[in-house]
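Peer 1: Could you work out the structure for the sequence below:
(chains A and B)
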Amino acid sequence: MSTSESDLRVRFAPSPTGALHIGGARTALYNWLAARHSGGELVLRIEDTDLERSTPENVGQILDALRWLGLDWDEGPISQVGRAEAHSAALEQLLESGAAYRDSATADDVKAWKAEHGVDRGYRGSPSADGVGAVRLRVPDDGDTVVDDLIRGEVRFPNRSYDDFVIARGDGSVLYNFAVAVDDADMGITEVIRGDDHLSNTPKQLLVFEALGTDPPRYAHVPLLHGPDGKKLSKRHGAASVQELRDAGYLPEAIRNYIALLGWGPGDDETLLSTEDLVSRFRPEDVGKSSAVFDEKKLRWMNGRYMRDMPLDEYRTAVRAFVEAETSGRPLNESRFEFGCEIVQEKAQTLQEVWPLIRFLFEPPVQDEKAWRKVMKADADRVLTEVEAALFEVAASEDGPNADGFTSVAVETALEPLPEKLELGAGKVFQPIRVAITGTTISPGIFESVAALGREETLARIEIARLKLSSD
RNA sequence: GGCCCCGUGGUGUAACGGUUAGCACGCCAGGUUUUCAACCUGGAAGCGCGGGUUCGACUCCCGCCGGGGCUACCA
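Peer 2: Reported below is the predicted structural model:
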């Protein structure tokens, strides 16, 4: 828990109606960065007043996603439902003061009223005689409610275009715009950083603050994220939730770096920014105004950069979880795994891509027929015969991955002269080996791959390939 | 429909009343290379449109067009 070095208090307030989306994750990140940058505090509040859609599973999922992303909070999670008493008290206060009233008008009544008064005219009701009905807040007829937004500047909303909006249902349970304002007030939130979709709601919340007699926080509305088709980001756009990104093999730090850049830039040409950099350089007022499109291609590239920069032991730990999922926990040759990670680190862009590249170390190769036809041509048998002879000469004191005597370097020393000796291009010599031992044309470096597989297994697979060759 | 927001290459961003409009991803070509990736070099690609204001506008103003949000007794 950080000691408070500033008065800044922000909150992240997701509604648990599903997984945490990349857009929500970015909002969380911006709040977190703002808090950590200034030494302020971040409160996590769960907006669960929609009992139909808010489930404990969803709450757990969001908390997991935040933790996995490395975003911690100083207070909470606080359930909005758990604050029902505070909400009722505030509601009573407004009913007492006359700032709000009970109105029995139905949706149809409101529609009829508007038909009569004009579409740009907000509904104005009157207290029901019997004191039943939903609770509405009185909205002034004149003037503007002004949102002084950190990102948008001053935005004016004409009061007359807003309905006397419902702040509590007939049964007394409160609605979103009311609960949010009461909670932000009670929690002493000083700055609200949230999605643009709430900009139009802000006047309502401001009106609640005014009725309550409390100073409102400052607002910073960040632009929404869109999918590649320009539409609002949704589950249809592939890996759109944090959970899916995690399953696809992305690293938390890469995601933090990438989504921070969606709508914000450090001001210079830096692209790769550590979380430390982000914390020191991020300011909500520097967030741009236009919506951004989530582009997985760039995330992939960035993730690859982070994967290559990882310390090897950390890399192995991250990869292991993915490999275990692929092999359903079947024990693997540990030294092959360790060496496999080492030789594959330069190649994969996501954790998910690692297994296909090192799979040949643990299982017989699955022959890709296209690769076979492309590589196993006329010279192949002659080449493989030479390769066998050359590898046979390499003395290995034991048979294991990168074993003493049969190291990448030793293998390279043995194979490297072959192209010249056979008067063939390097590809003509090395590709058949690759296909013989891995089944495909794509693998880690050939010398490393051979060393990782070990002498005996390599020779055995080459022999199998030669047999297949003779039967072609 | 009403209220509100946004509009720099395919994507994310930078600059700004006066620059050859920069950087990154992606794309294309070439190089390197044992494949892929990485790496190196080069290239195509942008200020939504129309009016103003100004000596000068991507930048300021207006209109339009396009995209988005809100408009529930949802959040």
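Peer 1: in the helix or strand that residue A:372 is a member of, what counts as buried?
Peer 2: Secondary-structure assignment from DSSP states H and E places residue A:372 in helix A:369-375. If you call a residue buried by 16 or more other Cβ atoms under 10 Å, then helix A:369-375 has these buried ones: A:371-372, A:375. For every residue, glycine as well, the C-beta is placed using N, CA and C.
Peer 1: List of residues touching the helix or strand just after it?
Peer 2: Using DSSP H and E, the helix or strand that follows helix A:369-375 in sequence is helix A:380-393. Helix A:380-393 is touched from outside by A:411, A:414-415, A:418, A:421-422, A:424, A:428-429, A:432-433, A:436, A:450, A:455, A:458-459, A:462-463, A:465-466, A:469-470, with contacts defined as Cβ atoms under 8 Å, 6 or more residues apart in numbering.
Peer 1: ok, now stretch A:179-189?
Peer 2: Outside stretch A:179-189, the residues touching it (Cβ under 8 Å, 6+ apart) are A:9-11, A:13, A:43, A:45, A:47, A:49, A:78, A:80, A:83, A:86-87, A:90, A:174, A:192, A:204-206, A:208-209, A:212, A:214, A:216-217.
Peer 1: Which of these fall in helices?
Peer 2: A:86-87, A:90, A:204-206, A:208-209, A:212 (DSSP state H).
Peer 1: okay, those residues in CSV with pLDDT, neighbour count and distance to RNA strand B next?
Peer 2: CSV is the format used below for the ones in helices among the contacts of stretch A:179-189 (pLDDT from 0 to 100; neighbours: other Cβ atoms under 10 Å; distance: Cβ to the nearest atom of the strand, whole Å):
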residue, pLDDT, neighbour count, distance to RNA strand B
A:86, 95, 16, 15
A:87, 96, 23, 11
A:90, 96, 26, 15
A:204, 97, 24, 8
A:205, 97, 25, 10
A:206, 97, 18, 13
A:208, 97, 26, 13
A:209, 97, 17, 16
A:212, 95, 19, 18
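Peer 1: Kindly reformat these as a markdown table containing distance to residue A:97.
Peer 2: Converted to a markdown table, those look like this (distance: Cβ to Cβ, whole Å):
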| residue | distance to residue A:97 |
| --- | --- |
| A:86 | 17 |
| A:87 | 16 |
| A:90 | 11 |
| A:204 | 17 |
| A:205 | 18 |
| A:206 | 17 |
| A:208 | 12 |
| A:209 | 14 |
| A:212 | 9 |
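Peer 1: ok, which of the buried residues of helix A:369-375 also contact RNA strand B?
Peer 2: Among these, no residue is within reach of RNA strand B (Cβ under 7 Å from any atom of the strand).
Peer 1: Between those, which sits nearest residue A:257?
Peer 2: Closest to residue A:257 out of the buried residues of helix A:369-375 is residue A:371 (35.6 Å), distances taken as Cβ to Cβ.
Peer 1: Does the closest one touch residue A:443 like I think?
Peer 2: No. Residue A:371 lies out of contact with residue A:443 (Cβ atoms under 8 Å); the separation is 10.4 Å.
Peer 1: does residue A:327 really touch residue A:359, like I thought?
Peer 2: No. Counting by Cβ under 8 Å, residue A:359 is not a contact partner of residue A:327; they are 9.1 Å apart.
Peer 1: So which of the two has more stuff around it?
Peer 2: Set side by side, residue A:327 and residue A:359 show more neighbours around residue A:359, with 19 against 14, by other Cβ atoms under 10 Å.
Peer 1: Checking my notes, that one in a helix, right?
Peer 2: Yes. Secondary structure of residue A:359 (DSSP: H, G, I helix; E, B strand; the rest coil): part of a helix.
Peer 1: Mind pulling up the pLDDT for it?
Peer 2: pLDDT recorded at residue A:359 is 92.
Peer 1: Now for it: which residues touch it?
Peer 2: Applying Cβ under 8 Å, 6+ apart, the residues near residue A:359 are residue A:326.
Peer 1: can you do 10 Å?
Peer 2: A:323, A:326-327, A:340, A:365-366, A:438-440, A:443 (Cβ atoms under 10 Å, 6 or more residues apart in numbering).
Peer 1: Of those - the most surrounded one?
Peer 2: residue A:340 (30 neighbours).
Peer 1: Alpha carbons only: can I get the helix or strand harbouring that residue in CSV?
Peer 2: Using DSSP H and E, the element containing residue A:340 is helix A:334-344. Extracted C-alpha coordinates of helix A:334-344, given in CSV (Å, rounded to 0.1, in the frame of the first residue of the first chain):
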residue,chain,number,x,y,z
GLU,A,334,13.7,-31.2,-18.8
SER,A,335,17.1,-30.5,-20.3
ARG,A,336,15.6,-30.5,-23.8
PHE,A,337,13.0,-28.0,-22.6
GLU,A,338,15.6,-25.7,-21.1
PHE,A,339,17.8,-25.7,-24.1
GLY,A,340,14.8,-25.5,-26.4
CYS,A,341,13.7,-22.3,-24.7
GLU,A,342,17.2,-20.9,-25.2
ILE,A,343,17.3,-21.5,-28.9
VAL,A,344,13.7,-20.4,-29.6
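Peer 1: buried sites along it?
Peer 2: A:336-344.
Peer 1: Which strands and helices lie in contact with that helix?
Peer 2: helix A:312-327, helix A:354-358, helix A:408-415, helix A:446-453 (3 or more Cβ pairs under 10 Å, 6 or more residues apart in numbering; DSSP states H and E).
Peer 1: any idea of the angle that helix forms with helix A:446-453?
Peer 2: 170 degrees (axes from the mean of the first three to the mean of the last three Cα atoms, to 10 degrees).
Peer 1: do helix A:334-344 and RNA strand B meet at all?
Peer 2: No. Counting by Cβ under 7 Å from any atom of the strand, RNA strand B is not contacted by helix A:334-344; separation bottoms out at 8.7 Å.
Peer 1: That helix to helix A:312-327, inter-axis angle?
Peer 2: With the same axes, to 10 degrees as the basis, helix A:334-344 and helix A:312-327 are set at 110 degrees to each other.
Peer 1: if you average pLDDT over helix A:334-344, what comes out?
Peer 2: Averaging pLDDT along helix A:334-344 gives 91.
Peer 1: And for that helix, what's in contact with it?
Peer 2: Contacts for helix A:334-344 (Cβ under 10 Å, 6+ apart): A:307, A:312-313, A:315-320, A:323, A:331-333, A:348, A:353-362, A:400-403, A:408, A:443-445, A:447-449, A:451-454, A:457.
Peer 1: hmm, which of the residues you listed are the buried ones?
Peer 2: A:307, A:315-316, A:318-320, A:323, A:332, A:348, A:353-355, A:357-362, A:400-403, A:408, A:443-445, A:447-449, A:451-454, A:457.
Peer 1: restrict the residues you listed to those near RNA strand B?
Peer 2: A:443-445, A:447.
Peer 1: which of the helices and strands packed on helix A:334-344 has the lowest average pLDDT?
Peer 2: helix A:408-415 (a mean of 86).
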